[in-house]
Each structure stands twice: as structure tokens, then as C-alpha cells.
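the following comprises the amino acid sequence and a computationally predicted model.
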Amino acid sequence: MNIASILSIVAATVVAMEGVAWASHKYIMHGFGWAWHRDHHEPHDKRLEKNDRFALFGAAMSISAFAVGSPMIMGAAAWEPGTWIGLGILLYGIIYTLVHDGLVHQRYFRWVPRRGYAKRLVQAHKLHHATIGKEGGVSFGFVFARDPAKLKAELKAQREAGIAVVREALAD
């Protein structure tokens, strides 16, 4: 494969993974996977969360794609794009870890952005955590953040409709 094709596959995979992460967060983590995800939404002083188990699924997707693309594993049946898809999934996982766990939740470093897109990411995810329980909520993505003012309006509408229970600090 030529370098342009490789870079296109990697970039498209990184972008697509935000969609996979959004859907997984909304329908799995806030659905049947809530037992693992709940501790991520509740205050605690543990280093690890049950929620961290979800990273194993991302790792398994990346490893599987690398395996499908590997002639060492698949022989002549290897599908080269699998290698680059696996790399895209891995890069998304790194970005997710730095943005979500590092920047937003301050698990690895301390920096509070005062402006720009980094501030918007933090605000959007804090609004995601504004609900109590798994029902309702906004901003299920991790890297692409919508306008916090629009997210606040959605939360207000969900609260008024009885869909979501919103923490006191954001109830007004």
C-alpha cells in the first residue's frame, strides 16, 4: 500500500472510533454495562475503576485488527489494511486516554485549560457527569465536544421532562 492510503485508513479509523466510542458509551456503558461504568460517575479515591475494564475491549479490537493484517499470524490470508486499522484504533485509545483520563479527569497530570478547545472538552464532559444515574445525559463522545451552552439546554430539557436527574450545581 502507498503512504497516502495508509494515512487515510489510519485517520479514518481514528475518526470512526469516536463514533464507536460514542455509541458504546451511550448504549453499553449507560445501558447493560452500567455496573462497570457506575463508579466512574460516583466520587471515589481509588486509583482504578471498574470502568477501566472497558479499555480491554478497545485493546482487543486493536490487537485483532493487527492480527488480521499480520502475515506472521494469518499467512497469505493477511489483509494489510487490518494493520492500519489496528494502528488507528491504538492511536484513538492513546488520544482517549490523554483527553478523557488525563485532561478531563486529571488522573495522570494536572492542567485546567482556561480557553480554547481543551476547555470545551472539559466543560462538555463535566456536563456529561452532571446527571445522577444512567438515564438521560449529554456529550457521550470523548474527543469531539459540542457547544457547552447547547448541552446545558439539553440537560435542562431532560430534567424538565423527567428524563434525567441533574446534580444541584447545574439544576438552574
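Now that the structure is in, tell me what you want to look at. Residues are numbered from 1 along each chain as shown.

so where do the helices sit in the protein?
3-23, 34-41, 54-69, 71-74, 81-96, 116-128, 148-160 (DSSP state H).

list the buried residues for stretch 53-63?
Applying a neighbour-count criterion of 16 or more other CB atoms under 10 Å, one finds Phe54, Gly58, Met61, Ser62 buried in stretch 53-63. Every residue, glycine included, has its C-beta placed from N, CA and C.

any idea how far Leu151 is from Leu90?
Per CB to CB, to the nearest Å, Leu151 is found 29 Å from Leu90.

any idea of the pLDDT on the residue lying farthest from the centre of the chain?
Going by CA atoms, centre = their mean, the residue of the chain most distant from its centre is Ala76, 34.8 Å out. You'll see Ala76 listed with a pLDDT of 97.

do the one 5 residues further on as well
pLDDT for Pro81: 98.

that one touches Met1, doesn't it?
Yes: counting by CB atoms under 8 Å, Pro81 touches Met1, with 7.5 Å between them.

quick check, central residue of this structure?
The chain has Phe142 as the residue nearest its centroid, 3.9 Å off, counting by CA atoms, centre = their mean.

list the residues that contact that residue.
By CB atoms under 8 Å, 6 or more residues apart in numbering, the contact set of Phe142 is Glu18, Ala21, Trp22, His25, Tyr96, Val99, His100, His125.

turn those residues into JSON lines, columns for pLDDT and distance to Ile85.
Formatted as JSON lines, the contacts of Phe142 follow (pLDDT from 0 to 100; distance: CB to CB, whole Å):
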{"residue": "Glu18", "pLDDT": "96", "distance to Ile85": "15"}
{"residue": "Ala21", "pLDDT": "96", "distance to Ile85": "15"}
{"residue": "Trp22", "pLDDT": "96", "distance to Ile85": "18"}
{"residue": "His25", "pLDDT": "96", "distance to Ile85": "21"}
{"residue": "Tyr96", "pLDDT": "94", "distance to Ile85": "16"}
{"residue": "Val99", "pLDDT": "92", "distance to Ile85": "21"}
{"residue": "His100", "pLDDT": "91", "distance to Ile85": "21"}
{"residue": "His125", "pLDDT": "93", "distance to Ile85": "26"}
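
closest to Arg159 out of those residues?
Closest approach to Arg159 among those (CB to CB): His125, at 18.5 Å.
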